[in-house]
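Novice: got a structure for you, letters missing:
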């Protein structure tokens, strides 16, 4: 039976880098589980790699077909951005192990859809000061930096990833990415192998 390893953490916790590194480790044999978003594509992102970047119309088509497992809408300074998971893709969880990247809320909905025995949480955490520094550094690299969005995301994560919400989701194992990123990735890889 395959499993879906679900990486999550607050913004700028390093989860994107960890996700990409784990997919490149052949000993893990992980297949990427790609989610969808209507937000604009960022510098150095590729459609079908980080997300399936779709229009509002495509989201509505998938909803009409009953293929949307979970949907989150964030009211940003640039308007509403939707992030969602859709069924009906080329996923075969019976045969493969997948690696997903998402939020605590999306994790809970995907876990409810596929089952507790199939979806394994991988929670990455970083001290707030380091996260804020990383967020600002990352945003500086954008063609038009949007620091209002950095602040909105930072504050929203404080609420979304509260201790109460983490416990409610049944997450007991955490991986610290405060120091050596390689050490964190190795710990996650070992956890996946043993699961």
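Specialist: Alright, I've got the coordinates. Predicted model, so just to flag it, every value in this text is computed and none were measured.
Novice: can you count the residues close to residue 116?
Specialist: 9 (other Cβ atoms under 10 Å). The way it works is simple: take the backbone N, C-alpha and C, and place the C-beta from them, glycine included.
Novice: Ok, the one 3 residues further on next?
Specialist: Per other Cβ under 10 Å, the neighbour tally for residue 119 reads 21.
Novice: got it, and residue 152?
Specialist: Neighbours of residue 152 using other Cβ under 10 Å come to 16.
Novice: contacting residues around the closest residue to it other than its chain neighbours?
Specialist: Leaving aside its chain neighbours, residue 152 sits nearest to residue 76 (6.6 Å; criterion: Cβ to Cβ, 6 or more residues apart in numbering). Residue 76 is in contact with 39, 149, 152, counting by Cβ atoms under 8 Å, 6 or more residues apart in numbering.
Novice: Quick check: which ranges of this structure have low pLDDT?
Specialist: 1, 88-91 (pLDDT under 70).
Novice: got the residue ranges for the helices in it?
Specialist: 15-23, 56-64, 104-114, 128-140, 147-160, 163-168, 181-194 (DSSP state H).
Novice: Can you get me a residue count around residue 142?
Specialist: Neighbour tally, residue 142, other Cβ under 10 Å: 13.
Novice: can you check residue 113 too?
Specialist: Neighbour tally, residue 113, other Cβ under 10 Å: 14.
Novice: ditto for residue 75
Specialist: Using other Cβ under 10 Å, residue 75 has 10 other residues around it.
Novice: bridging residues for it?
Specialist: For residue 75, the beta-bridge partners under DSSP bridges are residue 80.
Novice: do you know how far it is from residue 128?
Specialist: Distance, residue 75 to residue 128, by Cβ to Cβ, to the nearest Å: 23 Å.
Novice: got it, and residue 60?
Specialist: Counting by Cβ to Cβ, the gap from residue 60 to residue 128 is 37 Å.
Novice: How about residue 146?
Specialist: Using Cβ to Cβ, residue 146 is found at 20 Å from residue 128.
Novice: Same question for residue 22.
Specialist: 25 Å.
Novice: again with residue 43
Specialist: The value you get for residue 43 to residue 128, if Cβ to Cβ is used, is 25 Å.
Novice: One more: residue 174?
Specialist: Taking Cβ to Cβ, one finds residue 174 at 15 Å from residue 128.
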